[in-house]
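# Give me a model of this one.
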Amino acid sequence: MYHPSRGGVRGGRDQFNWDDVKVDKHRENYLGHSLKAPVGRWQKGKDLHWYTRDKKSNDVNSEAFKEEIRRIKEEEEQAMREALGLAPKRSKNLQGNRLDKHEFAELVKRGSTAEDLGEGHAEAAQVQGLGFS
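Presented below is the predicted three-dimensional model:
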């Protein structure tokens with residue numbers, strides 16, 4: 001009644017190859033075909049095993065992400081306190097991009113615009129729209 005199991009590989013495991021599944025027209029019938037035998041442009045350059053990666057891995061940008069999240073939370077907290085009237089309102093104009101008097105004078109002095117420099121440079125400043133003929 002009981003016979004010893006047959007030697008060798010049963011079920012054809014030694015003959016199976018995922019590369020053969022890539023070219024098979026019935027590849028959708030194989031479980032795991034989208035991960036083990038990906039075909040097409042959608043998988044190029046993508047991490048198909050993203051869900052198995054450790055979430056606490058030593059990411060190079062993890063500190064930058066944490067710093068950005070901390071900064072955003074601080075800004076949201078400040079905005080909430082301003083909306084509730086608990087903190088004085090900040091001015092909407094950023095002070096970092098303002099020009100001092102000397103820089104402003106350099107910027108607007110005569111001869112620094114494209115029209116003042118000559119005809120060849122003025123063409124780059126003109127924008128031609130739909131009505132241009």
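# Would you mind giving the domain segments of this protein?
What the TED database lists as the domains of the chain is 18-46, 49-88.
# Now the terminal residues of the shortest one, how far apart.
Domain 18-46 stretches 19 Å from its first residue to its last (Cα to Cα, to the nearest Å).
# where among the domains of the chain is the average confidence lowest?
Mean pLDDT values for those show the minimum at domain 49-88, a mean of 84.
# now what about stretch 98-105, what contacts it?
Applying Cβ atoms under 8 Å, 6 or more residues apart in numbering, the contact partners of stretch 98-105 are residue 107. Every residue, glycine included, has its C-beta placed from N, CA and C.
# Quick check, pLDDT for residue 14.
Reading off the confidence values, residue 14 has pLDDT 80.
# Revised request: answer the last question for residue 94.
60.
# Now residue 22: closest residue in space, sequence neighbours ignored.
Spatially, and ignoring its direct neighbours in sequence, residue 22 is nearest to residue 37 (4.5 Å; Cβ to Cβ, 6 or more residues apart in numbering).
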